[in-house]
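# the sequence isn't on hand, but the structure is:
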C-alpha cells in the first residue's frame, strides 16, 4: 500500500511539473526568459499589469497599490526575466493593516508572489522604466470590481 501511495505521489508531481507554476512556486523555466525591445517592453508591461490585476481579483482583496515598477533580472544564460514589483494594501482587514510587497514574474505564463518572498525576488531587479505603474494597475483593479 505504501508503494502505491508513493507511486501516485510521484506521478502527480511529475504531471504538475509540466504546467505553469501556481501562485507561490518559483519556476525558472527558460520560456519566461525573454529579451525585449522598447515596443516589446510595452507589451510585457501590459501583460504583467493584466496578470497581476487578474490574480489579485481572483485571490486577494486589494484596496490600493503603490510603488509599482517593471524591471528584469539577468539569468545565468544571459536572458532577461521580467518582473512587476510593488506593494498593495489589503481591503477590509481589521486591526493594523500594512502594505504588502508583491511581484508578478513573466515565465512561460506568469507567477504572482506576495509578502517577504516577493520582496526578496525584487531585490536584484534592474528597473527598466522610471515611471510608477501604480495608476494603470489600480485602474485595472477598480474596473474588475
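Right, received. Where do you want to start? Just so it is clear, the structure is predicted and the values come from calculations on it, not from any experiment.
# who does the residue nearest the centre of the chain form a beta bridge with?
Closest residue to the average C-alpha location of the chain: residue 104 at 1.6 Å, with Cα atoms, centre = their mean. Beta bridges link residue 104 to residue 84, residue 112 when assigned by DSSP bridges.
# quick one, what contacts residue 71?
Neighbour list for residue 71: 82, 83, 85, 122, 125, 126, 127, 128, 129 [criterion: Cβ atoms under 8 Å, 6 or more residues apart in numbering]. For every residue, glycine as well, the C-beta is placed using N, CA and C.
# number of nearby residues for residue 76?
By other Cβ atoms under 10 Å, 7 other residues sit near residue 76.
# next one: residue 94
5.
# ok, the longest strand that the chain contains: who's next to it in the sheet?
Looking across the chain with DSSP state E, the single longest strand is strand 62-74. If you go by DSSP bridges, strand 62-74 pairs up with strand 80-90 (antiparallel), strand 126-127 (antiparallel).
# helix or strand right after the shortest one?
Sequence-wise, the next helix or strand beyond strand 126-127 is helix 134-143, with elements assigned using DSSP states H and E.
# for that next one, packing partners?
Counting contacts by 3 or more Cβ pairs under 8 Å, 6 or more residues apart in numbering; DSSP states H and E, helix 134-143 packs against helix 38-59, strand 62-74.
# buried sites along it?
Neighbour counts over helix 134-143 (16 or more other Cβ atoms under 10 Å) mark 134, 136, 137, 138, 140, 141 as buried.
# of all those residues, which comes closest to residue 42?
The closest of those to residue 42 turns out to be residue 136 (Cβ to Cβ; 11.4 Å).
# got a list of what residue 67 touches?
Neighbouring residues of residue 67 by Cβ under 8 Å, 6+ apart: 85, 86, 87, 132, 134.
# could you export those residues as a markdown table, including pLDDT and distance to residue 114?
What follows is the contacts of residue 67, written out as a markdown table (pLDDT from 0 to 100; distance: Cβ to Cβ, whole Å):
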| residue | pLDDT | distance to residue 114 |
| --- | --- | --- |
| 85 | 97 | 12 |
| 86 | 97 | 11 |
| 87 | 97 | 10 |
| 132 | 94 | 20 |
| 134 | 96 | 17 |
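# just among the residues you listed, which is most surrounded?
Neighbour max across the contacts of residue 67 (other Cβ under 10 Å) = residue 85, 25 neighbours.
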